[in-house]
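> 3D model of this:
(2 chains, ligands or ions: 1)
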Amino acid sequence: MLEIKCPYCGNRSQNEFSYGGDATVKRPSLGKEVSDKEWDDFVYFRKNPRGKHSEFWHHVAGCRQWFKVSRNTATHEIFKTSKINEEI
Amino acid sequence: MSQKFRLNKVGYINRDKKISFKFNGKKYFGFEGDTLASALLANGIHLVGRSFKYHRPRGFIGAGVEESNAQVQLYSGAKTEPNAIATTVELVEGLVAKSQNCWPSVSFDFGAINNFLSRFFPAGFYYKTFMWPKSFWYKIYEPIIRRAAGLGIAPLKPDPDRYEHQFEHCDVLIAGSGPSGLASALAAAKNGARVILAEDKPRFGGSLLTDEVTIGNKKGKDWADEAVAQLKSMPNVIIKNRSQVFGYYDHNMMVMFERTKDHIENPNKFIPRQRLWYIRAKEVIISTGSIERPLVFGNNDRPGIMLASAAKEYIKVFGVAVGKKPIIFTNNDSGYDAAIEFKKNGINPLIFDVRENSESSTVQEAKNLGIDIKFSHGVVNAKGYLKVNSATIGKLNKDKTSYENLYDVSCDSICVSGNWTPTVHLSSQSGNKLKFDEKVNAFIPNQSRQNESTIGSANGSFTLKEALEEGFNKGYNLSKKINGKDNQTSSPTSNEKSYGKQDKFWCMPLPNKKHYKRCVDFQNDVYVSDIELALREGFRSIEHVKRYTTLGMATDQGRTSNLNGLQLVSNIEKKIVPEVGHTTFRPPYTPVTIGAIVGREVGKHYRPTRKSPIHEWHEKNNAVFVDAGLWLRPRYYKQDNETLMEASKREANNVRKNVGICDVTSLGKIDIKGPNAAEFLNRVYTNAWMKLPIGKARYGVMLREDGIVFDDGTTTRISENHFHMTTTTAQAVNVLSHLEYYLQVVWPELAVNVLSTTEQWAGVALAGPNSRNLLSKLFPDIDVSNEGIPFMGYKESNLFGVPARIFRISFSGELAYEINVESGYGVFMWEKIMELGKEMGIEPYGTEALSTLRIEMGHVAGSEIDGRVIASDLSLDGMLSKKKDFIGKRSLNRNAFLDSAREKIVGVVPVDKKTMIPEGSHLVEDSSASFPNPKLGHISASCWSVEYNNPFSLAILKDGKKKIGKKLFALSPLKNTNIEVEIVSSHYVDPKGERVRS
Ligand SMILES: [Zn+2]
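Numbering: from 1, shown residues only, chains lettered A, B, ... in the order given. Now for the predicted structure:
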């Protein structure tokens, strides 16, 4: 069980969080014309890297904040966590 | 006769307390402090079980968790426990144990015929034999294998015991209380660290219990006892015996298994049987010691053959001699320690040492005691079927490939010593890539990947001096690193024997024309010949050899067999061991009961139960409940001997005729506030929200980004910047996370807050033609007319002084209202409504009637919104705004979504107007077509329409709208039904929606 540092609450066990997917994906702006390819990439395509990866996590059983985690997907090492509006 | 192998002068058992127990139906005695193994050995019992595959007679090989043979079945009935390791089972009055994997008895086992047929059961036998023909597998091979395989028998009744989980945090967790573990605990604790010290055995001290050493002028055991007493007195220390740290997980999450009850004669009934500890440790010190390796020779698995270190432990700890004519067979000096202990207790051992010579103080001591030592000799073969009675001894030639001469020696036990294997399981589990150490002749930890350090003999540091130094240093350094304190405890002086050089020779060659079975993995019944065969057949990777031969698998995890197996592969392959590598060590290190893993989360404690504040009223009024997610909701209110169908018809009918009341508290409720709240709803829902007037509700549909319908519900504008959203019961949690995601991650510029208020409000639905009349009685001060509270209107008022929210929304298709009051007033509201509604024929209705009402109105719910449909499939095209963008809109022009022949919602009525159509039935054109019969759609929900008094179902049907009026068949191979049906509109009752607006 991972230990994740919520930027608002501090270190907590993984069972308080839920995983929220790739944090590098950016939703196209509302109302913006986007190509099929662009939209497909946003909805369906995710990289599945072995190694360093930026992810969203949600502190569901805590402060209910979404935040970013930089994690090694192979070793589970967590390099850094940050608030949504901070660079990771 | 009893306990004739018990020694008088040694052991830490309590001879004042005699304990009776039963083994294989016979009564024996032992002492308090014995294990089942030591008590059996005290009574001269070596034969305890049969081997896994060949049913060969087996005895004890070890004295602790390293034991791989002596698995027994404990007790019977619900309390029975299979595969208990007899060396770790503490003796307690009334203990009942029996041998496993044998029939009819351990001394005459029918399955032993496998042993004589063993050349037909080589490695990979099952893979090879049972491959063909395929059709034989299910009916013939599998049942045979199932009957033959397996050791103990699992209990068939529920476990009567209680198990607990405990969560802890500490600075330093230390696994193992030998000299290095105790030293590190003392050093860390005295420097102010929060320490947990775990010992798997009942007694602390590890090797100090059996080794003749002194520490700071005290006997090793006395020093250990004092250290333990000191640690116990410190408030920053948790010290636990009978506790095995069995798993090393991510981010230093350690899991420990504590045995709390089974060793107590009359336990308090509130003590849990076992406890599972989840410990998050800043640093982990692994001081798990090492396990002696067996030597491999002909029939080395016979009862009476065990590790020399185990024989020594039986003497020193339990006062038991495992034999009176023991042979010590060794390739190093530590085997001599066992011989010395035998000799000191008046038993004459014979030592056969494969080395040409050794001149350490240990060997000298043995010589001084007059022990008979033969160098360059070894045991070639053991004889005696149910227990060893003699050994063939061979004098090895110079290069140890054959024998100069062979002769037989009679004996009653053979104690083998083939060097020591550091117990690196936890280190390896932590991600530490082990390295092979030539001097230690085994794998030891290398680079830590987590905050973990291994010390003492687990690290290949076999002298007491090294172990203590490593312990004191590590405990001090780690605690200093954590808390910055600087109180160093220095390592005391110690005294120990010196040990000479070991020999790496470990596997006795076969004499000419002999084909003795030489066992490598006792638990999994893997022999030298099996591994040779696997290699001959081309298996090269050690992981493949493991799976093909089962070497090092199962509960034993290769504790005694791993290194010998690797050495064998490396010898045959002419590679060095590090090139062969090692297989993965997996948790748990020792077996853990399912009960401990599950803990208290059994039965209704498996997950929380959510109840509405009105729950007790429902209970008192004969509600039959149904699970709705975590919620318990009334399914129907049973009167007399009503069936579910009868009750739900009655309840639904009453709604259509009079008025009904339904508890809708479980619907998700989300409070939405902020200057951009309307804009946010406009993006989240598919329809328009900007112009929703204050005091009005609107039905909304949410999509996922891929265009699939996510959830639906009504949202009410309470004030300019304040909305009240409802969701389905099932999606309430997901909708909240979804909203939070968009607000925090995607559109942080929107000033909106969302908060779940599901449990803050008790909600009821009033539905039926009399509901307005009833509402006027409940709220006499307000105008409840169609103008006062129009369809989708909202008003705040008070219910006899209790603040209430009134929504005119309908799920049943009838004139209906929902009233919310604060949870605490839920029962008050309910009872008031029942009281005032009596004269209007009010009756409560449950989820079954609720479903009936919504199905016949064609109102979609979770069974239609199943994660596969888009809005137009549900005839909700009108909800999709063309003027604005919203979540999921861009996906809607995918070709597949634009296909006009998509499956769409329709109504379905059986042609005979009598037969209920099972939910999940497939709709097909030709009911007699052969399988797979082309599926046109499926039945999503069925009810008995109270309006038309015949069955009615909703279905999702290919090109559904065009099939209205057509006849199809609803097939359910599961229920074995085949019903001719007619396709109708999904809006079966009141298609124009006049009632809700009346
Ligand atoms: Zn948090």
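
> got a list of what the spatially most central residue of chain A touches?
Note on chain A: the residue nearest the mean C-alpha position is residue A:56, at 1.6 Å, using Cα atoms, centre = their mean. Going by Cβ atoms under 8 Å, 6 or more residues apart in numbering or on different chains, residue A:56 touches A:19-23, A:66-69, B:741, B:745. (Each C-beta comes from the backbone N, C-alpha and C, glycine too.)

> Got phi/psi on it?
phi -90, psi 140 (degrees, to the nearest 10).

> again with residue B:334
phi -70, psi -20.

> I'd like to know how far it sits from the ion.
54 Å (Cβ to the ion, to the nearest Å).

> hang on, that residue packs against residue B:293?
No - look at residue B:334 against residue B:293 with Cβ atoms under 8 Å: they stay out of range, at 10.9 Å.

> quick one: common contacting residues for those two?
residue B:420.

> if you count what's nearby, which of these two comes out ahead?
Ranked by neighbour count (other Cβ atoms under 10 Å in any protein chain shown), residue B:334 and residue B:293 place residue B:293 first, with 26 against 22.

> Could you find the closest non-adjacent residue to the more buried one?
residue B:418 (4.0 Å; Cβ to Cβ, 6 or more residues apart in numbering or on different chains).

> Was I right to think the one you found contacts residue B:297?
No - taking contacts as Cβ under 8 Å, residue B:418 lies outside contact range of residue B:297: 10.3 Å.

> Just want to know which of those two has more residues nearby.
A direct count of neighbours by other Cβ under 10 Å for residue B:418 and residue B:297 places residue B:418 higher, at 30 against 27.

> buried set for whichever helix in chain B runs longest?
In chain B, with assignment by DSSP state H, the single longest helix is helix B:464-483. Buried residues in helix B:464-483, counted by 16 or more other Cβ atoms under 10 Å in any protein chain shown: B:464-480, B:482.

> ok now the first helix or strand past that helix going along the chain, how far from the chain's centre?
Using DSSP states H and E, the helix or strand that follows helix B:464-483 in sequence is strand B:494-495. Counting by Cα atoms, centre = their mean, to the nearest Å, strand B:494-495 is centred 45 Å from the centre of its parent chain.

> Then stretch B:605-616?
Worked out by Cα atoms, centre = their mean, stretch B:605-616 lies 26 Å from the chain centre.

> do the same with stretch B:167-180
Relative to its chain's centre, stretch B:167-180 lies at 23 Å (Cα atoms, centre = their mean).

> gap between the two ends of stretch A:13-26?
28 Å (Cα to Cα, to the nearest Å).

> same thing with stretch B:795-805?
Note: stretch B:795-805 ends 6 Å apart using Cα to Cα.

> how many other residues sit next to residue 68?
Since no chain was named, I'll use chain A. So residue A:68, with other Cβ under 10 Å, has 23 neighbours.

> was after chain B, sorry
Neighbour number of residue B:68 under other Cβ under 10 Å is 26.

> and the closest residue to residue B:463 other than its chain neighbours, how far is that from chain A?
Leaving out its chain neighbours, the residue that sits closest to residue B:463 by Cβ to Cβ, 6+ apart is residue B:496, at 6.4 Å. Distance, residue B:496 to chain A, by Cβ to the nearest Cβ, to the nearest Å: 40 Å.

> now swap in residue B:531 and tell me
When distance is defined by Cβ to the nearest Cβ, residue B:531 is 32 Å away from chain A.

> is it true that that residue touches residue B:564?
No - counting by Cβ under 8 Å, residue B:531 does not reach residue B:564; the two are 9.6 Å apart.

> show me where the stretch 301-450 of chain B has helices.
Listed in chain order, the helices of the stretch 301-450 of chain B (DSSP state H, counting those that start in this stretch) span B:308-316, B:334-344, B:361-368, B:425-429.

> Return the first one as CSV; C-alpha atoms alone will do.
By that I understand helix B:308-316. What follows is helix B:308-316 as a C-alpha-only set of coordinates in CSV (Å, rounded to 0.1, in the frame of the first residue of the first chain):
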residue,chain,number,x,y,z
ALA,B,308,21.7,-30.4,13.1
SER,B,309,20.6,-27.0,14.3
ALA,B,310,17.1,-28.3,14.9
ALA,B,311,18.5,-31.2,16.9
LYS,B,312,20.5,-28.7,18.9
GLU,B,313,17.4,-26.6,19.5
TYR,B,314,15.3,-29.6,20.6
ILE,B,315,18.0,-30.3,23.2
LYS,B,316,18.7,-26.8,24.4
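
> any idea of the angle it forms with helix B:334-344?
30 degrees (axes from the mean of the first three to the mean of the last three Cα atoms, to 10 degrees).
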